[in-house]
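> Using only what follows, build the 3D model:
(chains A and B)
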Amino acid sequence: MHSLGARSPSIARTRTPGEIVAAATPTSQVGRRIVDRAFLGVCIAFTALAVLLLVVLVVSIWQDGHARLSWQFLSSFASRKTEEAGVRAPLWGSIWVCVICAVAALPIGVGTAIYLEEFSKRSRFRSFIQLNIANLAGVPSIVYGILGLTAFARAFGTANSESPITFGQPESFFYLQLPFGHGVLAGGLTLMLVVLPIVIVSSQEALRTVPASLRTASLALGATQWQTTWNITLPASIPMIMTGGILAMSRAIGEAAPILVLGVPLFIRSTPTNLMSDFTVLPLQIYNWSMRQQSGFHELAAAGIIVLLAVLLTLNALAVIIRHRLQRANG
Amino acid sequence: MSNVAEISTATSRAAAANSRGTARSRAARIGTERVIRGGLLACALLSIVTTFTILAILLVQSASFFALPQVSAWEFFTGTTWAPLLGEEKHFGIWPLIAGTLLVTSIAAAFALPVGLVVAIYLSEYAPSRVRSILKPILEVLAGIPTVVYGFFALAVITPFLHDHVSESFGTFNALGAGLAVGIMILPIVASLSEDSLRAVPRSLRDAAFAMGGTRFDVSTKVVVPAALSGIVASWLLAITRAIGETMIVALAAGGLASMTLNPANEVQTMTAYMVQIFTGDAPAYGIEYKSSFAVATVLFVITLALTVVGNLFLRAFREEYE
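Modelled structure (predicted):
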């Protein structure tokens, strides 16, 4: 865990022109032409394979699921009878969890990025944080589920889950109790941990695209570091930050493993009303339906996937529109 | 927009910001600055807190697992029988889970690493810009598909295909179907990250090699790929890390039988799939099976962390730099 990588000298090897020439020295003109054409064929074949896989994926899921798509599918709860089942609870659960995740992850992620890019000097502390974020990005999401289960759902076992400490009335949406249990708040915060490294890295990249001359001009006029960041750097980089943020949210919506570890109930017939409400999410419902061997459930899973992909497509379209709008406004 | 114009916009904005701030004293401004700086530092520290909390939870829970009288650390790290749920005598030897994980990951890697690299070379070196502008979004769509969808795909399409067209021995759950689905999942990671590092190789190198009479194949494989090797290997390691940690695909398609097997038609259980089995099952919290999943999670965490660290070291140490 020590910042080993940051301190090891980078062995930059520069290839001499001679080496490059030696590597490219001709053997047989015709032979090399044939190899070149053959390799192009392999390239196109492999790329076509990747495209074909996507087409097969979409077509097969559409064939399995499109018959089940209807308003009734969107507006009814899960049921043991496949013809009555729907995605109302997981759809609303996904929306709640995603909003909580966005509200928590965006400020913290962008704040971290601003600290690293604008406020910290190039120190060992900074490279330690940087290395740490790179490592967090590689942690499997199911491990974050364990963290969420212990820290949020159970509050490290400090509070008794049988008689939780409560704040506010259950009727209000911000009703709180400690520990959180497996409510939407615990789910959203767990997903926040999963996507935080993505938000941080994409925001850092966005901040780096702002030319240094803009900052220098602002600082030269006597603005403080924060005034420069707030008035100059952030407005210039916000389209990229938003795009990265939305991509991170689409990752959060697709995650099932961390939510599964939280131990949410499998069978839910209500939509969330406050932060402590029981919930399930679309990917988890799809998982549950896919696991059932009985006929009818695979079609439900496929229809659920179509809904999930439609939600993701909407989010991505939103990202494109926001980027376009803000770029125009800034230009 | 020219740079001069940008600076003048920035200047006027900064001036406006300052004129708004003149009513306040300098001390107040510095005070605000300190508070904000502290808040931002707190955000940055959260990531460190996260890491150490994960470590602490995994270590404490694993320690309490190994402290149980039925468990021996020696058996856990060397044993080849994983039978935590069934039978009178429970066995906790982690190797079947590691073998299952490695089998699925190897299948995925064998498919995705070469295909991904070839797609990356095609996109960066061969493809006309119009083809590229169509293919890049397709890769992004593939990368954005949730993994549970690939799990369903493995179960509903790949496995029936293997059963009907390859061999009857493929059951509902098998390592090959899950491995191929994981491979499809990591393919866009390899392709787009490798492509980034191929495109980062300066044009002058390609020009020099073309000038020597090299074909596009010669230039790509003998000049560009070696120059971008550190980035390519890093993308491979990242993809392998994702494959090892992948949960929903293997939970759906690989099965739930922990066994030491190399036969891709067999049912295998990976480390992540075991954790899913425990956390969705009726295993009582604080029971021995429940605690064993934390020990498995620790092993998984250590393996993925090691791969991530190696990947980052690779990127730093073997980068070829060109002026």
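> Tell me where the stretch 151-300 of chain A is predicted with low confidence.
For the stretch 151-300 of chain A, the stretches with pLDDT under 70 are A:159-164.
> Quickly note the distance from B:Met248 to A:Val99.
Applying CB to CB, to the nearest Å, the value for B:Met248 to A:Val99 is 23 Å. The way it works is simple: take the backbone N, C-alpha and C, and place the C-beta from them, glycine included.
> of those two, who's got more company?
Under the neighbour definition other CB atoms under 10 Å in any protein chain shown, B:Met248 and A:Val99 were set side by side, and B:Met248 has more, 31 against 13.
> That one contacts A:Leu284, doesn't it?
No: judged on CB atoms under 8 Å, B:Met248 makes no contact with A:Leu284 at a distance of 9.2 Å.
> list residues touching both of those two?
A:256, B:148 (CB atoms under 8 Å, 6 or more residues apart in numbering or on different chains).
> Skip the chain neighbours and tell me the closest residue to B:Gln269.
Nearest-residue entry for B:Gln269: B:Ala258, 4.1 Å, with adjacent residues in sequence omitted and distances by CB to CB, 6 or more residues apart in numbering or on different chains.
> Also A:Val307?
That would be A:Val87: by CB to CB, 6+ apart, it lies 5.6 Å from A:Val307.
> what's the neighbour count on the one you found?
27.
> Can you give me every residue that contacts it?
A:73-74, A:78, A:282, A:285, A:303-304, A:307.
> Over to A:Val311?
A:91, A:94, A:253, A:282.
> who touches the residue of the stretch 1-150 of chain B with the smallest separation from chain A in this structure?
Chain A sits closest to B:Pro146 of the stretch 1-150 of chain B, with a gap of 2.8 Å, by CB to the nearest CB. Counting by CB under 8 Å, 6+ apart, B:Pro146 touches A:253-256, A:283, A:308, A:312, B:248.
> quick one: low-confidence parts of the stretch 201-323 of chain B?
B:282-286, B:320-323.
> and the residue of it nearest chain A?
Taking CB to the nearest CB, the stretch 201-323 of chain B has B:Gly245 as its residue nearest chain A, at 2.6 Å.
> Need the nearest residue in space to that residue, chain neighbours excluded.
A:Pro140 (2.6 Å).
> ok, that neighbour - how many residues close by?
25.
> Next: B:Gln70.
11.
> three-state assignment of it?
In three-state terms, and counting by DSSP: H, G, I helix; E, B strand; the rest coil, B:Gln70 is coil.
> That one contacts B:Gly287, doesn't it?
No: assessed by CB under 8 Å, B:Gln70 is found out of contact with B:Gly287, at 11.1 Å.
> Quick check: the gap between whatever residue of the stretch 151-300 of chain A ends up closest to chain B and A:Leu284.
Using CB to the nearest CB, A:Gly254 is the residue of the stretch 151-300 of chain A that sits closest to chain B, at 2.8 Å. A:Gly254 is 11 Å from A:Leu284, where distance means CB to CB.
> quick one: the longest helix along chain A near chain B?
As assigned by DSSP state H, the longest helix anywhere in chain A is helix A:29-65. Yes: residues of helix A:29-65 contacting chain B under CB under 8 Å from any CB of the partner chain: A:32-33, A:35-36, A:39-40, A:42-44, A:46-47, A:49-51, A:53-54, A:56-57, A:60-61, A:64.
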